[in-house]
Every structure is written in structure tokens, then in C-alpha cells.
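> take a look and give me a structure for this.
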Amino acid sequence: MKFAREVLRTNLPQVYDWSSRAQDTPVGAEFILMEKVHGVELQQLWPKMTTEERWEVVKAVAAYQESWASVTFEQYGSLYFAEDFEGENIPALVYTNEKGERVEDSRFVIGPSTSREMFDMGRCGIDFDRGPWNSLEEYHAAIGHRELACVQHLPSLQPSPLTLRGPGLYQPTREKKIAALETYLKLLEYVLPADRSLGSSHLWHDALHAGNIFVDPDNPGQIVGIIDWQSTGVSPLHFHIHQPSFIKHAGPQLHGLERPVWPPGYDNLKADAMRTADALFWDQTLCSLYRTLIYHRIPKIFKCFDFQKSAPSSLLLSAVRLSIDGEAVYLYTACELEKEWENLPGAQGVSFPLTFTITERQKIYEDAISAVVGMEAMDRIKSRLGRNFPQHGFVLHHKYKMVIDALSQATREVLSEVEAIRNELAASEQ
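Okay, here's the model as predicted:
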């Protein structure tokens, strides 16, 4: 937080005292005491804010991202105070500032990653490489080896929160996950971004949602603080880049520098339909303005958006969670990559490194379809329960019985629809 506030010029709370050594505190726990952020969560005011006020917030977020993108590091991992590694032979932090100057700052070091992927769901007890890493290749290879270690050594496979499991649906196994991860490691050197600036190392806030951004209630367009920095890592730029979630919407998405347009026959719409069209237009306008701003002020972030639409990016990003979910679709995507292999910048003059028999390809295809059916089934359950779906694994006590009954009924109904879902998918492919 100190580096983000002082070097990256990010508006975040002042820290008064802290300890990362639980054994040295009277209560046996780590702690942090910091300034209270004056303001309110953006999510409380966003629905009532004008388009102009919303645009001010979007511009402020883009300005922070411009600052974060202007400072690059020579390693990947997490940022620590040097005193946390007292007595250890860890070099001082070296970074390149916005002027292109190489800076050594002895207050800090880059050490092992503290990202949630390193500790969630029993991973803290598994032995794997936690960093720091000296190159983009090392960083991404460590992801594959980490996920392999988790698949091989965790007592049980963590069920995916994205897909329904049951009769006629995809059934994950350790063997399938290992096959996907071995595929990842074979493809890795060829799917890394050819433009290495997209993989440069940056400190970034990866959860810029409306609950973590505080604004001035009397001037909602002004950001007064950003919270939730505990898992912030020093990672490749292309992993950091996301459109801020508070400007996402459910309507058609714009791409590149595309501008929104009013729907045909707008002037003849009824009042309710016109209000819906207006809301979508201004939501799309914010997204378009954000991307246009990024294109002109931070070109390499805009290039990341383009890279993220590619199969190589999907293969890199999906690998992060392969011990939990995604291996079926991952293997199918890897198979399909052969069709565009010759056009991949990182694969020029190299033969496709994977070999699948006809039987293996058919099984991979069938598994991928079953996995997609399972995801659609889960989406239907979520839709039927609406706000009552236990998104985070728990419900309020007074709703428990009602939610359990509704969940059981929705699951039974959706399981009976599995074949219909499968047929709909098959029809959509034709």
C-alpha cells in the first residue's frame, strides 16, 4: 500500500500500524490499523449518478491504471517490506519508472506470491514454487506446476462452482486434469504474447468493482479511496487487464473502438422500451469512452484487450484454475488450436506439438460438450433461484429452509432437462 500510495500515486488509506508476524503480537494474529476511508461505496451511489458523474469515475480509474502501467518491475511475485526478509539474501526492489529510469528502492523487495491461488482451498499445505520469478516464462510455467501439484496431492478434487454434476453430465477426474495441465506446459512457449510488453510486470489492483471504490457523497464523480489490496500481486500486464466491472452491462457488448448506436425505430418505441434503450445506450457509451481513452493514453493496455480475445490468451488464463474446473473445454480448445497454429506469432516454423488419436479427439469433444451442458444447467438453476442462490456458499439463517427446498426442486427440474439442453447446443452448432 505504501508503494501504491507514494510511487504509483494511488488514493488509498494511510496505514498507522501493522504486523505480518502473528507470533509477535499479543493476540497471536496479524493486524493492520489504517485510516478510515471517508466517503461511501460507489455501488451505493452508482444507480443514481448522472452519466457525467459516472464518466468522471471512469476517467479517474483510467488515470490510476495509467500510473500503474507506467511502472514496470524486473520480477513477478508480491511486494514486501525488506524488513520482512531481514537476514535473507534477497535483492532490493528494482523498477523502471514512468520516465524510463531504473530505480533501486531498498525499502522493498519482491518475494513469494500472496495471491489467493497460492492459499485457497487447502493449497497452503502443498509444496510448489510460490516465486518470485525472474521471467514471464518462469511465471507461467509455475502456474502449470502449481496446479499439477494441487491435482496430485490435495485429498479431494474441489467441485467446480460453475457447472452442475450429475447423470449425463461431465465428470472430472485427476487424470483428465493432469492431461490438460501437461498440454498447457507443452503449449506454453508458443502461446505467450509475442509482444512481450503485454507480459511486463506490474503492481495492480485486480478487483476494481464498485464495492472497493469509495467516492465523495457530495461529489460522486470524485474517488476518495480504494480498498482491498491484500492479495495484490506483481504479475503480467495481460493478466491484470479487465474492463472495470462497474461499467459492465447485460446488453450487446461493443468491441475495439466501436461506438454505440440507437436501435432501429427508436422514435417509435413505447415509453418503457425507450427507457430501456436509453439505459443501454449510455451504458455502452461509458464502455466505448473508456476503451477510447485507454487506446489514446495507454496503448499497451488496449493491446491487451485485443490479445485477450485470442485462443492463446484463453489457454494462459484458463490454466490458473485447472485444478478446480475447465479441463474439458481446455483440452478441446487446445485441439482446435491446431487449425490456426500456422498463424500464431509464437509458433512460426514449429510443428503443432500435440498429438491426438481420432478416438481421443472424439472423447475430448464429448467431454467438452458435457461440460458446457453442465454450465448451462447451473446457469438455469441460478436463474430460477435469482437472489436466493447461495453464490458464496451460505445463506441467512431465516432463509435456509426455503433456499434448500428451492435449490433441491430447481436441481431436479434442470437434471430432467439435460438432454434438451444437449440438443439445443447441437442445433446451435449446425
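
> separation between the residue nearest to Leu157 when sequence neighbours are not counted and Leu208?
Distances taken as C-beta to C-beta, 6 or more residues apart in numbering place Pro172 nearest to Leu157, at 6.2 Å, with adjacent residues excluded. For the C-beta atoms, the positions are set from N, CA and C on the backbone; glycine is no exception. Using C-beta to C-beta, to the nearest Å, Pro172 is found at 32 Å from Leu208.

> quick one: low-confidence residue ranges for the stretch 51-200 of the chain.
The stretch 51-200 of the chain contains no residues with pLDDT under 70.

> which residues in the stretch 1-150 of the chain form helices?
With DSSP state H, counting those that start in this stretch as the criterion, the stretch 1-150 of the chain has helices at 2-6, 42-45, 51-70, 136-153.

> average pLDDT for the second one?
Spelled out, it's helix 42-45. When pLDDT is averaged over helix 42-45, the result is 96.

> wait, the residue nearest to Leu157 sits on Ser160?
Yes - counting by C-beta atoms under 8 Å, Pro172 does reach Ser160; the two are 7.3 Å apart.

> overlap in contacts, the two.
Counting by C-beta atoms under 8 Å, 6 or more residues apart in numbering, the contacts common to Pro172 and Ser160 are Asp325.

> which one of the two has more residues nearby?
Comparing Pro172 with Ser160 by other C-beta atoms under 10 Å, the one with more neighbours is Pro172, at 24 against 19.

> next, the contact list for that one, please.
Pro172 neighbours (C-beta under 8 Å, 6+ apart): Leu157, Ser160, Asp325, Glu327, Ala328.

> count the neighbours of Gln308 for me.
So Gln308, with other C-beta under 10 Å, has 18 neighbours.

> actually, Gly225.
The burial count for Gly225: 19, using other C-beta under 10 Å.

> what bridges to it?
Taking DSSP bridges, one obtains Phe214 as the residues bridged to Gly225.

> isn't it right up against Gly39?
Yes - the pair Gly225 / Gly39 is scored as a contact, 6.2 Å apart, by C-beta under 8 Å.

> need the overlap of contacts for those two.
Shared contacts of Gly225 and Gly39, defined by C-beta under 8 Å, 6+ apart, are found at Phe214.

> where does Gly374 land on pLDDT?
Looking at Gly374, its pLDDT is 94.

> which stretches in this protein count as strands?
For the chain, the strands defined by DSSP state E cover 15-19, 31-34, 40-41, 72-73, 78-81, 93-96, 102-105, 108-111, 201-203, 213-216, 219-226, 234-236.

> for the fifth one, name the packing helices and strands.
This points to strand 78-81. Judged by 3 or more C-beta pairs under 8 Å, 6 or more residues apart in numbering; DSSP states H and E, the packing partners of strand 78-81 are strand 108-111.

> dump the helices of the stretch 1-150 of the chain into CSV; add distance to Ala347 and mean neighbour count as well.
As requested, the helices of the stretch 1-150 of the chain are exported to CSV (distance: least, C-beta to C-beta, whole Å; neighbours: other C-beta atoms under 10 Å):
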stretch, distance to Ala347, mean neighbour count
helix 2-6, 37, 16
helix 42-45, 43, 18
helix 51-70, 28, 18
helix 136-153, 15, 19
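
> who wins for proximity to Tyr400 among the ones you listed?
helix 42-45 (26.0 Å; C-beta to C-beta).

> assess the claim that Pro159 and Gln171 are in contact.
No - look at Pro159 against Gln171 with C-beta under 8 Å: they stay out of range, at 11.1 Å.

> what do the two both touch?
By C-beta under 8 Å, 6+ apart, the residues touching both Pro159 and Gln171 are Arg165.

> list the ones among the contacts of Pro172 that fall in helices.
Applying DSSP state H to those, the entries found in helices are Glu327, Ala328.

> got the contacts of Pro172 as CSV, with distance to Ile369 columns?
Formatted as CSV, the contacts of Pro172 follow (distance: C-beta to C-beta, whole Å):
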residue, distance to Ile369
Leu157, 21
Ser160, 16
Asp325, 16
Glu327, 14
Ala328, 9
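
> please tell me which one of the contacts of Pro172 counts the most neighbours.
Taking other C-beta under 10 Å as the neighbour criterion, Glu327 ranks highest of the contacts of Pro172 with 32 neighbours.

> check contacts around that one.
By C-beta under 8 Å, 6+ apart, the residues touching Glu327 are Pro172, Lys176, Lys177, Ala179, Ala180, Leu181.

> which ones are touching the second one?
Looking back up the chat, that one is Lys176. Contacts here follow C-beta under 8 Å, 6+ apart; on that basis Lys176 touches Glu327, Ala328, Leu331, Asp367.

> now these as JSON lines including pLDDT and distance to Thr359?
Below are the contacts of Lys176 laid out as JSON lines (pLDDT from 0 to 100; distance: C-beta to C-beta, whole Å):
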{"residue": "Glu327", "pLDDT": "96", "distance to Thr359": "18"}
{"residue": "Ala328", "pLDDT": "96", "distance to Thr359": "16"}
{"residue": "Leu331", "pLDDT": "97", "distance to Thr359": "14"}
{"residue": "Asp367", "pLDDT": "95", "distance to Thr359": "13"}
